[in-house]
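J.: only the shape, not the letters, is given here:
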Ligand code: ADP
Ligand code: ZN
């Protein structure tokens with residue numbers, strides 16, 4: 001398999017990417033006097049500036065505060081972090097968070113410090129002195145939260161340190177990494193079971209966004225969480241609009257999509273190969289977008305730099321292989337585009353899930369074609385792995401293709417796969433918004449399959465279509481295929497329509513690509529009743545692409561939340577963003593660490609004129625009110641005059 005198909009966990013993150021010179025804790029409040037235990041809701045309002053817990057959050061927090069274990073399954077953007085951050089601020093001692101991506105810990109910690117939380121991290125990117133300072137703060141009880149990479153945690157030295165400190169809880173983030181079936185398996189996660197043995201009295205909470213029933217059981221077993229309460233919230237991400245279109249001219253389709261709907265927005269474009277990543281990033285850059293490549297073939301420095309710009313600047317598009325994205329919790333990614341098909345619905349759901357964590361409208365957009373299907377099937381067959389492994393992978397790919405070809409609501413299919421159920425079609429996916437037409441393909445399919453058979457199952461789709469359409473073609477004459485019975489029997493369909501037929505036949509498993517990898521199509525067992533005309537088959541009619549069909553949305557919406565924008569002045573919005581960017585740059589943190597888009601949006605809704613009123617805005621807690629309140633009050637007043 002191509003190296004880019006393996007997830008890459010930044011194994012060689014640069015050692016010097018620790019941007020905060022103040023590894024010391026001079027900015028943080030000193031030890032809090034012992035107080036009566038605070039109420040969760042009070043902490044939520046005071047520290048985080050949120051009005052109420054979301055469903056499940058409150059229950060989970062109570063469970064952990066009581067000292068019990070929990071296993072939490074919530075979609076991306078569901079609000080998992082609060083489930084351990086709030087208890088860590090309530091229970092005595094330091095909450096230890098195990099998180100797989102050291103490259104991102106610094107932003108998580110920076111965001112917490114902005115809230116006045118005493119947070120730090122321990123990982124291999126720090127020098128000795130920084131590590132020492134953190135260890136000291138831990139042992140003297142000066143930390144509310146400590147983020148730690150799994151490989152660091154299981155070192156005897158770290159464990160000893162933890163034994164000598166007061167620990168309020170362990171939070172195991174991205175807990176699906178412990179599953180060997182999952183796509184993000186990490187062997188060091190397996191060793192986390194040691195926490196149960198060594199710290200029997202410390203509550204543990206495992207969290208993940210992707211886990212089917214089997215993976216969930218595996219997580220519970222491997223992390224010794226069989227006695228833990230399970231909290232499973234629905235998988236739905238209602239603010240994400242799912243769209244999948246047949247590939248005609250991928251580059252043009254992508255450009256049209258971004259221009260029409262996401263000009264100036266931050267997004268991720270996924271491609272399978274490094275070359276395609278490079279080419280696509282160049283193309284977007286030529287067209288005036290800020291687009292940066294990201295793949296395992298780049299140097300660690302360049303990857304870190306591009307990721308950094310993606311996090312810190314507004315409106316950056318990252319073009320990446322799947323090596324990018326895990327643990328990226330940038331809240332305002334407005335679109336995720338796939339130019340290649342993911343290998344499973346798990347991967348699709350996880351990758352698209354990086355859009356719209358802040359709950360604002362976002363798009364998951366994909367184009368795919370016959371060649372993608374063939375390529376993935378071939379890669380799968382050629383991959384190492386035993387029969388059982390391949391069988392599971394095949395099922396996963398089939399489910400992915402099923403989503404692509406479905407004529408009903410895509411969200412229903414997606415959620416069903418994860419064991420979730422949606423009563424009614426969602427109304428926010430392409431098949432709901434413009435239901436695809438279907439047609440009776442029984443006869444066409446019979447012709448296509450028998451053409452494959454008559455030509456000896458040795459040819460690819462272009463050749464087969466030439467035969468069906470009776471093309472006058474030297475290669476056909478030489479092989480004598482201008483005399484087979486299927487020659488010229490398919491003139492009623494265009495070449496593109498035949499392509500669509502073949503794509504659907506491969507997707508549905510009636511045809512397969514030859515194992516040698518030359519793209520020849522072969523019949524499978526399943527196609528017998530179709531060949532004989534005994535089984536009718538409805539096919540999807542690919543939508544005709546109209547030239548730049550105005551989607552009814554305004555052209556330069558860019559950057560701005562497109563929900564209820566009606567009553568908000570774009571100039572005012574830009575003004576608040578500029579204020580945020582200036583503050584972020586001063587401190588070398590990403591803008592969303594200062595305030596999320598949702599918070600700026602709420603400010604413009606409420607237009608507060610006093611600090612007290614500003615404190616009522618969602619996402620403005622006590623620490624941020626003190627630090628940024630005056631600057632934003634001024635900016636809001638200026639914005640009101642624009
Ligand atoms: P996850 O880790 O599950 O992907 P996060 O913890 O990053 O999700 O939360 C997603 C977003 O939702 C963040 O912007 C967070 O601040 C916000 N959020 C979480 N809980 C609440 C709440 N109770 N009220 C308002 N916003 C919340
Ligand atoms: Zn739908």
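T.: On my side now, so go ahead. These figures come from a predicted structure and were not determined experimentally. Numbers count the residues shown, from 1 in each chain. Ligands and ions are numbered 1, 2, ... in the order given.
J.: check which helices and strands the host helix or strand of residue 364 is in contact with.
T.: In this structure, residue 364 sits in strand 362-368 according to DSSP states H and E. Taking 3 or more CB pairs under 8 Å, 6 or more residues apart in numbering; DSSP states H and E as contact, the helices and strands that strand 362-368 lies on are strand 240-246, helix 250-261, strand 335-338. The C-beta positions use only the backbone N, C-alpha and C, and glycine is treated the same way.
J.: so which of the ones you listed is nearest residue 268?
T.: Nearest to residue 268, of all those, is strand 335-338, at 5.0 Å by CB to CB.
J.: which secondary structure elements does that closest one contact?
T.: Using 3+ CB pairs under 8 Å, 6+ apart, strand 335-338 sits against helix 250-261, strand 267-270, helix 345-352, strand 362-368.
J.: direction included, what does that strand pair up with?
T.: Listed by DSSP bridges, the sheet partners of strand 335-338 and their directions read strand 267-270 (parallel), strand 362-368 (parallel).
J.: ligand 1 is nearest to which of those?
T.: strand 362-368 (12.8 Å; CB to the nearest ligand atom).
J.: next up, the contacts around the residue nearest to residue 209 when sequence neighbours are not counted.
T.: Take residue 209 and drop its neighbours on the chain: the residue closest to it by CB to CB, 6 or more residues apart in numbering is residue 76, 4.7 Å away. Residue 76 is in contact with 209, 237, 350, 353, 354, 357, counting by CB atoms under 8 Å, 6 or more residues apart in numbering.
J.: and residue 325, by the same measure?
T.: By CB under 8 Å, 6+ apart, the contact list for residue 325 reads 268, 351, 354.
J.: gap between the last one and residue 341?
T.: When CB to CB, to the nearest Å is applied, the distance between residue 354 and residue 341 equals 17 Å.
J.: so what's the residue count around the residue in the stretch 401-550 of the chain that ligand 1 sits nearest to?
T.: Nearest residue of the stretch 401-550 of the chain to ligand 1, counting by CB to the nearest ligand atom: residue 418, 15.3 Å away. Other residues near residue 418 come to 20 when the count uses other CB atoms under 10 Å.
J.: my guess is it meets residue 235, correct?
T.: Yes. Because the distance of 4.6 Å satisfies CB atoms under 8 Å, residue 418 is recorded as touching residue 235.
J.: what does the stretch 201-350 of the chain have sitting close to ligand 1?
T.: For the stretch 201-350 of the chain, the residues in contact with ligand 1 (CB under 6 Å from any ligand atom) are 329, 331.
J.: what about the helices in the stretch 201-350 of the chain?
T.: Assigned by DSSP state H, counting those that start in this stretch, the stretch 201-350 of the chain shows helices spanning 213-222, 250-261, 274-286, 300-312, 345-352.
J.: now do the third one: distance to the chain's middle.
T.: Which is helix 274-286. Relative to its parent chain, helix 274-286 has a centroid offset of 21 Å by CA atoms, centre = their mean, to the nearest Å.
J.: give me the buried stretch members for stretch 430-437, please.
T.: 430, 431, 432 (16 or more other CB atoms under 10 Å).
J.: cool, stretch 283-298 as well?
T.: By 16+ other CB under 10 Å, the buried positions in stretch 283-298 come out as 283, 284, 289, 290, 291, 292, 293, 294, 295, 296, 297, 298.
J.: again, but for stretch 227-244
T.: For stretch 227-244, by 16+ other CB under 10 Å, it's 228, 231-237, 239-244.
J.: export the contacts of residue 76 to a markdown table and append columns for pLDDT.
T.: A markdown table is the format used below for the contacts of residue 76 (pLDDT from 0 to 100):
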| residue | pLDDT |
| --- | --- |
| 209 | 84 |
| 237 | 92 |
| 350 | 86 |
| 353 | 90 |
| 354 | 91 |
| 357 | 89 |
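J.: run through who's touching the strand holding residue 364.
T.: Identification of contacts with strand 362-368 by CB under 8 Å, 6+ apart yields 239-248, 250, 253-254, 257, 261-262, 333-341, 348, 352, 355-356, 404.
J.: now do the same for it: mean pLDDT, whole number.
T.: For strand 362-368, mean pLDDT rounds to 96.
J.: now it against strand 240-246, angle please.
T.: Strand 362-368 and strand 240-246 are oriented at 20 degrees to each other (axes from the mean of the first three to the mean of the last three CA atoms, to 10 degrees).
J.: following strand 362-368, which helix or strand comes up?
T.: In N-to-C order, the element after strand 362-368 by DSSP H and E is helix 370-382.
J.: walk me through the domains of this protein.
T.: Domain assignment of the chain by automatic domain parsing yields the ranges 15-232, 242-433, 438-540, 561-640.
J.: quick one: is the strand holding residue 364 near ligand 2?
T.: No. Using CB under 5 Å from the ion, strand 362-368 stays clear of ligand 2, with a minimum separation of 12.0 Å.
J.: do that strand and ligand 1 meet at all?
T.: No. Residues of strand 362-368 are not located near ligand 1 by CB under 6 Å from any ligand atom, the shortest gap being 12.8 Å.
J.: quick check: buried residues in that strand?
T.: For strand 362-368, by 16+ other CB under 10 Å, it's 362, 363, 364, 365, 366, 367, 368.
J.: how about these in TSV, adding distance to residue 505?
T.: TSV is the format used below for the buried residues of strand 362-368 (distance: CB to CB, whole Å):
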residue	distance to residue 505
362	33
363	29
364	26
365	25
366	20
367	19
368	15
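J.: what's the helix or strand for the residue of the chain positioned farthest from its centre?
T.: Going by CA atoms, centre = their mean, the residue of the chain most distant from its centre is residue 483, 51.5 Å out. For residue 483, there is no enclosing helix or strand under DSSP H and E.
J.: for the stretch 451-600 of the chain, which segments count as helices?
T.: Under DSSP H, counting those that start in this stretch, the stretch 451-600 of the chain gives helices at 461-468, 474-479, 495-507, 528-531, 570-587, 591-594, 597-606.
J.: for ligand 1, what's its nearest residue on the stretch 451-600 of the chain.
T.: Ligand 1 sits closest to residue 596 of the stretch 451-600 of the chain, with a gap of 5.2 Å, by CB to the nearest ligand atom.
J.: relative to residue 435, how far out is that residue?
T.: According to CB to CB, residue 596 stands 35 Å off from residue 435.
J.: returning to that earlier point: tilt between the strand holding residue 364 and helix 495-507?
T.: Using the same axes, to 10 degrees, the direction of strand 362-368 lies 100 degrees away from that of helix 495-507.
J.: look at the residue nearest to residue 209 and tell me its secondary structure.
T.: Three-state call for residue 76 (DSSP: H, G, I helix; E, B strand; the rest coil): coil.
J.: burial measure for residue 639, as a count.
T.: Residue 639: 23 neighbours (other CB under 10 Å).
J.: I'd guess it is in a strand, am I close?
T.: No. Going by three-state DSSP, the assignment for residue 639 is helix, not a strand.
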